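*Asks:* Here's a sequence, model it:
(one chain, ligands or ions: 2)
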Amino acid sequence: MRQAFRSSILHCLSDPGEASQRSAYEYFEDGLLIVDNGTVAQAGSAESLLPGLAEDVLLTELPGKLIVPGFIDCHVHFPQLDIIASYGEQLLDWLHRYAYPVEARFSDPDYAHEVATVFVDELLNNGTTTALVFGTVHPHSADAIFEAAAARDMRLIAGKVLMDCNCPDELKDDADSAYADSKALIERWHGQGRLGYAITPRFALTSTDAQLAAAGKLAREYPEVWIHTHLAENTVEVEQIARQFPSSRSYLDVYDQFGLLRERSVFAHCLHMDDRDRDCMASKGGAAAFCPTSNLFLGSGLLDLSAMRAANVRCGLGTDVGGGTSLSLLKTASDAYKVLHLQDHALPATRALYLATLGAAEALYLEDKVGNFLPGKEADFVVLDPEGSRLTARRTSAAETIEEALFALITLADDRHIAATFVRGTAQKSSSFAYVK
Ligand code: GUN
Ligand code: ZN
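*Replies:* Ligands and ions are numbered 1, 2, ... in the order given. Predicted coordinates for the structure are as follows:
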């Protein structure tokens with residue numbers, strides 16, 4: 001099936017940087033996105049592409065809207081959906097007071113399936129088409145999220161959590177079961193359609209050396225799967241890591257020593273680390289998930305994005321719900337702007353878009369599949385509605401450039417501004433559009 005969508009279109013070709021470099025993105029005010037069987041055939045100006053459009057192409061006119069690539073969430077916990085916005089603690093107390101109790105409820109597979117379904121629908125409601133997702137320690141939590149994603153044809157990477165110390169007994173696995181259960185899940189899910197598996201040690205504090213070694217062994221046996229964990233989020237956590245792993249130079253070094261730092265390793269937070277760590281992460285191909293709503297909400301700290309990018313670390317945005325306060329990557333980008341502003345750094349709207357799309361795709365090593373509208377990519381995209389609220393309608397109509405309008409939208413938007421979310425060319429969220437041809 002051939003489809004075409006006529007609308008304003010904006011996508012990134014590379015990182016626009018702090019100066020919003022113009023050659024790093026393409027904007028077509030009156031654009032056309034041509035989709036062939038769920039794959040991008042072409043994106044360009046309507047003026048240049050409409051005359052050559054075949055008669056049988058289904059054309060959808062979206063006047064006043066803005067099409068951007070589907071958003072990519074580089075770090076989120078689906079089991080924590082029901083404890084989002086819980087009051088008053090920093091990381092380690094928050095885990096014990098809120099996160100572990102709700103994760104214990106996932107011993108019930110029915111609850112796991114119910115939350116997984118609501119979660120993926122909320123991702124789509126917010127324009128997110130790809131995500132890297134934590135489960136719980138229970139293997140069936142991974143089954144639940146993979147089944148929900150597969151039913152919606154979403155590109156999703158997830159894994160069962162590994163944790164065998166410093167946590168409630170009911171949430172503990174052990175080195176052997178973590179290895180065997182993860183291996184079985186990799187065999188069942190990795191590479192099935194758009195699904196991928198991530199070996200998911202929660203963080204170094206909740207794994208014994210034996211378990212981290214088992215995770216590293218699995219990583220060596222399956223070089224194509226992802227590794228997903230937390231790194232250097234909170235200063236008290238970092239101090240405890242130094243005590244638990246006295247022979248490691250740094251927190252990152254713990255993961256490195258166990259073979260867990262490589263291409264497709266994704267580390268959430270990365271707040272409290274030095275240049276040597278950044279260089280090491282970049283040279284080994286690891287990536288950082290920047291989770292500003294979580295870092296502010298849990299009082300964890302401010303990411304030095306400039307230092308990360310100067311060291312050439314791959315970086316994408318993560319919502320980190322339930323430590324994070326929204327599944328919206330627009331809201332996450334808005335908080336990213338504030339975090340950088342506090343450090344006297346810029347985050348132009350185009351770079352924010354990059355971090356939520358192509359930059360995130362690069363962090364996940366998926367840039368050959370998603371992240372922008374180059375021909376051959378999977379046609380995951382969002383139809384943004386600048387008139388999704390009265391205030392944004394006023395503010396964006398007064399904007400003189402697309403950069404100004406996008407910045408206002410990022411700052412003010414919520415799920416009302418996601419008019420539609422398309423996954424491989426099929427609407428998974430939509431208001432009704434008129435097909436004109
Ligand atoms: N570190 C270890 N576990 C977690 C978690 O569930 N959330 C966050 N934000 N940090 C963590
Ligand atoms: Zn997290």
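
*Asks:* Help me confirm that G64 is found in a strand?
*Replies:* Yes - counting by DSSP: H, G, I helix; E, B strand; the rest coil, G64 is part of a strand.

*Asks:* Would you state the strands of the stretch 51-200 of the chain in chain order?
*Replies:* 58-69, 71-77, 128-134, 155-159, 161-162, 195-201 (DSSP state E, counting those that start in this stretch).

*Asks:* Determine the longest helix present in the protein.
*Replies:* Scanning the chain for the helix with the most residues, using DSSP state H, yields helix 109-125.

*Asks:* Pull the distance from that one to the chain's centre.
*Replies:* 16 Å (Cα atoms, centre = their mean, to the nearest Å).

*Asks:* by contact count, what packs against it?
*Replies:* With contacts taken as 3 or more Cβ pairs under 8 Å, 6 or more residues apart in numbering; DSSP states H and E, helix 109-125 sits against helix 139-151, strand 418-423, strand 426-430. Where C-beta positions appear, they are placed from N, C-alpha and C, glycine not excepted.

*Asks:* For L212, find the nearest of these.
*Replies:* Distances from L212 to each of the helices and strands packed on helix 109-125 were compared by Cβ to Cβ, and the smallest falls on helix 139-151, at 19.0 Å.

*Asks:* Might one say that R264 is in contact with R314?
*Replies:* No - using Cβ atoms under 8 Å, R264 makes no contact with R314, being 10.2 Å away.

*Asks:* shaky segments in the stretch 301-437 of the chain?
*Replies:* By pLDDT under 70, the weakly predicted segments of the stretch 301-437 of the chain are 431-437.

*Asks:* Quick one: the helices in it, in order.
*Replies:* 305-310, 329-342, 349-356, 358-363, 390-397, 402-412 (DSSP state H, counting those that start in this stretch).

*Asks:* quick revisit: out of the helices and strands packed on helix 109-125, flag the one nearest ligand 2.
*Replies:* helix 139-151 (14.7 Å; Cβ to the ion).

*Asks:* Okay, angle between the closest one and strand 155-159 too, please.
*Replies:* Counting by axes from the mean of the first three to the mean of the last three Cα atoms, to 10 degrees, helix 139-151 lies at 180 degrees to strand 155-159.

*Asks:* For the residue sitting nearest the centre point of the chain, give its distance to ligand 2.
*Replies:* With distances taken as Cα atoms, centre = their mean, the residue of the chain nearest its centroid is D73 (1.3 Å). Distance of D73 to ligand 2, given as Cβ to the ion, to the nearest Å: 11 Å.

*Asks:* And F267, by the same measure?
*Replies:* F267 is 10 Å from ligand 2, by Cβ to the ion.

*Asks:* what kind of secondary structure is that residue in?
*Replies:* Per three-state DSSP, F267 ends up strand.

*Asks:* burial count for it?
*Replies:* Counted with other Cβ atoms under 10 Å, the neighbours of F267 add up to 29.

*Asks:* hey, what's it bridged with?
*Replies:* F267 has these beta-bridge partners by DSSP bridges: T229, A288.

*Asks:* from memory it sits against G286, does it?
*Replies:* Yes - using Cβ under 8 Å, F267 is in contact with G286, at 6.1 Å.

*Asks:* nearest residue to A352 other than its sequence neighbours?
*Replies:* In space, and not counting its chain neighbours, A352 is closest to A333: 3.9 Å by Cβ to Cβ, 6 or more residues apart in numbering.

*Asks:* which residues sit in contact with the residue of the chain found nearest ligand 1?
*Replies:* Relative to ligand 1, the nearest point of the chain is G323 (3.3 Å; Cβ to the nearest ligand atom). With contacts defined as Cβ atoms under 8 Å, 6 or more residues apart in numbering, G323 is in contact with 77, 80, 91, 94, 99, 291, 294, 297-298.

*Asks:* ok, back up a step: what pairs with the residue nearest to the centre of the chain across the strands?
*Replies:* Applying DSSP bridges to D73 gives these bridge partners: A131.

*Asks:* got a pLDDT number for it?
*Replies:* pLDDT, D73: 99.

*Asks:* any idea how far it lies from S182?
*Replies:* Using Cβ to Cβ, to the nearest Å, one gets 22 Å for the distance from D73 to S182.

*Asks:* And for E400?
*Replies:* 52 Å.

*Asks:* Looking at the two, which is more packed in?
*Replies:* Shown here are E400 and S182; by other Cβ under 10 Å, S182 has more neighbours (28 against 7).

*Asks:* Would you enumerate the residues in contact with the more buried one?
*Replies:* Taking Cβ under 8 Å, 6+ apart as the test, what S182 contacts is 159-160, 162, 197, 199-200, 215, 218.
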